[in-house]
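*Asks:* Okay, structure incoming, though there's no sequence with it:
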C-alpha cells in the first residue's frame, strides 16, 4: 500500500470537506488494540484520511501472527461482567501465575459473545479502508523486526514521517 499524501491545505483527498487524522499507537495488548483500530476504521468509513503510526509495543499489532493478551495489572478500572455484576480484580491477583491468561480468555470470550470484531478483523478492515499504517523504523530496528514479520501493505518510517502527517492532520491522537 502506498502512503497517502495530503494536499497543501492539510486536507486529504479531493473533496473540500476531506479531513485527516493521525494516531500514534504505542500499546500492543488486547484491550489497548481496540481504540486505535476502531477509531481509524470508523474515521476511514466517514471519509477521513487516516494514518496510524505504530511504535514501541504498538508495533506488535502489525505482526502477521497476533497473540494478544490482556493484563489487569495496573488497571484498577478493569471490571468484568460476571455473576450479574461487574467484578474488579485487585492488582495483587495479577502476580499469581495464570491470571493474565485467564483474564485474556475471559475477555476474548466476552468479545465473541457480544459480537465485537476481533483485532484481526479490524486490522483487515483498516487495510481495506486504505488506512495508512506506518511501522516505526527505530522500533523495528530496536526489537529486530523486519518487514517480512509484518502484515503486507504497511509502510515503514520514522518520527519525521509521523510529523509530516501530524502537522497536516486535523485530528492527532496518542493511544
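*Replies:* Received, thanks. Here the structure is a predicted model, which means the values were calculated and not measured.
*Asks:* check which helix or strand covers residue 107.
*Replies:* Following DSSP states H and E, one finds residue 107 within helix 99-113.
*Asks:* swap in residue 161?
*Replies:* Counting by DSSP H and E, residue 161 is found in helix 159-168.
*Asks:* Can you point out the buried residues in that helix?
*Replies:* Of the residues in helix 159-168, 161, 162, 164, 165, 166, 168 count as buried by neighbour count, 16 or more other Cβ atoms under 10 Å. For glycine as for every other residue, the C-beta is placed from the backbone atoms N, C-alpha and C.
*Asks:* circling back to that earlier point, in whatever helix or strand comes next after the helix holding residue 107, what's buried?
*Replies:* Note on helix 99-113: by DSSP H and E, the next helix or strand toward the C-terminus is helix 119-128. Neighbour-count burial for helix 119-128 flags 119, 122, 123, 125, 126, 127 (criterion: 16+ other Cβ under 10 Å).
*Asks:* with the residues you listed in mind, which one is nearest to residue 43?
*Replies:* For the buried residues of helix 119-128, the residue nearest residue 43 by Cβ to Cβ is residue 126; the value is 10.1 Å.
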